[in-house]
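>>> this one's sequence-less:
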């Protein structure tokens, strides 16, 4: 029986390839709005971050989300991400 391929994505914090399900997806839609996509189904450009505060800090420091979406990310988006991480200790 063939093993199903696990989709991998790169974390913007640690730059490691990890299974998509283990990461939090941040998405920019066609209107340019940035939001957190917990189910991974929202339309738009996606970027991924590990569920660890360290990775989020690295991504914020290096402005990797800004670069990924070619726009300035509102601090509210970062606050939402931090809340997500605190609510999920995995």
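Nice, I can see it. Keep in mind it's a predicted model, so treat the numbers as computed, not measured.
>>> C-alpha only now, for contacts and for neighbours.
Noted.
>>> Which stretches in this structure count as strands?
For the chain, the strands defined by DSSP state E occupy 8-10, 17-19, 23-28, 34-37, 45-50.
>>> could these be laid out in TSV, adding distance to residue 60 and mean pLDDT?
Output for the strands of the chain, formatted as TSV (distance: least, C-alpha to C-alpha, whole Å; pLDDT from 0 to 100):
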stretch	distance to residue 60	mean pLDDT
strand 8-10	15	97
strand 17-19	19	97
strand 23-28	13	95
strand 34-37	14	93
strand 45-50	11	95
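>>> quick one: residue 55 and residue 14 touch, right?
Yes: Residue 55 lies in contact with residue 14 (C-alpha atoms under 8 Å); the separation is 5.6 Å.
>>> Can you tell me which residue is spatially central in this protein?
residue 48 (2.9 Å; C-alpha atoms, centre = their mean).
>>> Give the bridge partners for that residue, please.
Using DSSP bridges, the beta-bridge partners of residue 48 come out as residue 11, residue 25.
>>> For it, give its distance to residue 1.
31 Å (C-alpha to C-alpha, to the nearest Å).
>>> go on, residue 38?
31 Å.
>>> Which one of those two is surrounded by more residues?
residue 38 (14 against 3; other C-alpha atoms under 10 Å).
>>> From residue 61, how far out is the more buried one?
23 Å.
>>> again, but for residue 25
With C-alpha to C-alpha as the criterion, residue 25 and residue 61 are 18 Å apart.
>>> Tell me which of these two has more neighbours.
The residue with more neighbours, out of residue 25 and residue 61, is residue 25; 24 against 11, by other C-alpha under 10 Å.
>>> where's that one relative to residue 1, distance?
For residue 25 relative to residue 1 (C-alpha to C-alpha), the value is 31 Å.
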